[in-house]
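[1] return atomic coordinates for the entry below.
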Amino acid sequence: MLAERMTKNLTTPSIFSRKYGLLSKEEAEEDAKQIEEIAFTTTTQHFEKEPDEPSLTQEAAELLEPLRAPSSYTKICFSNRSFGLEAAQVAESILLSIKDQLKEVDWSDFVGGRPEAEALEVMTIFSCALEGCVLRYLNLSNNATGEKGVRAFQSLLKPQNNLE
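    Residues are numbered from 1 along each chain as shown. Predicted coordinates for the structure are as follows:
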């Protein structure tokens, strides 16, 4: 899907194509596949070298600590932060404590680069933590959820009746 979008961008007239020119569909497809492969390889190597170390879990605890204090937060955004299993477990207790006041949740791209099994487990932890929460906004985009991901979010998604 990513390669298809890149191909379309590289073959469609735009401000950039006026300056740099358009590629043929074949050239764009080849370039897009190479870019996707390099990005995937780089991400995989990063997480193999630096999985959820204690420092990352500690960082999650420090970043989320303000949510433990009594508050009236109605929105949270964990977008573009890749949560591993240990960081998700840190977030779980905090989410449980504020779930009744939340109305808007942005979890877009919050398991990026994680192995499928770990990503699904993180999704399930987050979903179960907010089970019963009544939301009007929920963003789960860019998580490559597919059928398994939708099932992982089932306990959160199923009872939602007020999403806008």
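[2] next SSE downstream of the helix or strand of the chain with the lowest mean pLDDT?
    Lowest by mean pLDDT, DSSP states H and E among the helices and strands of the chain is helix 54-64, with a mean of 69. Sequence order places strand 75-77 as the next helix or strand after helix 54-64, per DSSP states H and E.
[3] buried stuff in that following strand?
    Using 16 or more other CB atoms under 10 Å as the test for burial, strand 75-77 gives Ile76. In short, each C-beta sits where N, CA and C put it, glycine included.
[4] what packs against that strand?
    Contact partners of strand 75-77 among helices and strands, from 3 or more CB pairs under 8 Å, 6 or more residues apart in numbering; DSSP states H and E: strand 104-106.
[5] so which elements touch the strand it packs on?
    strand 75-77, strand 137-139.
[6] beyond that strand, next helix or strand please.
    helix 116-129.
[7] other SSEs contacting that next one?
    Using 3+ CB pairs under 8 Å, 6+ apart: helix 116-129 touches helix 85-98, helix 146-152, helix 154-157.
[8] need the residues that contact it.
    83-85, 88-89, 91-92, 95-96, 99, 107, 110-111, 114, 143-145, 148-149, 152-157 (CB atoms under 8 Å, 6 or more residues apart in numbering).
[9] got a quick PyMOL command for the buried subset of these?
    Command for PyMOL, covering only those of these found buried under the criterion 16+ other CB under 10 Å:
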select buried, resi 83+84+85+88+89+91+92+95+99+107+110+111+114+143+145+149+152+153+155+156+157
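[10] how far away is the residue most central in space within the chain from Ser141?
    Residue closest to the mean C-alpha point of the chain, counted by CA atoms, centre = their mean, is Asp109 at 1.9 Å. Noted for Asp109: a distance of 7 Å to Ser141, by CB to CB, to the nearest Å.
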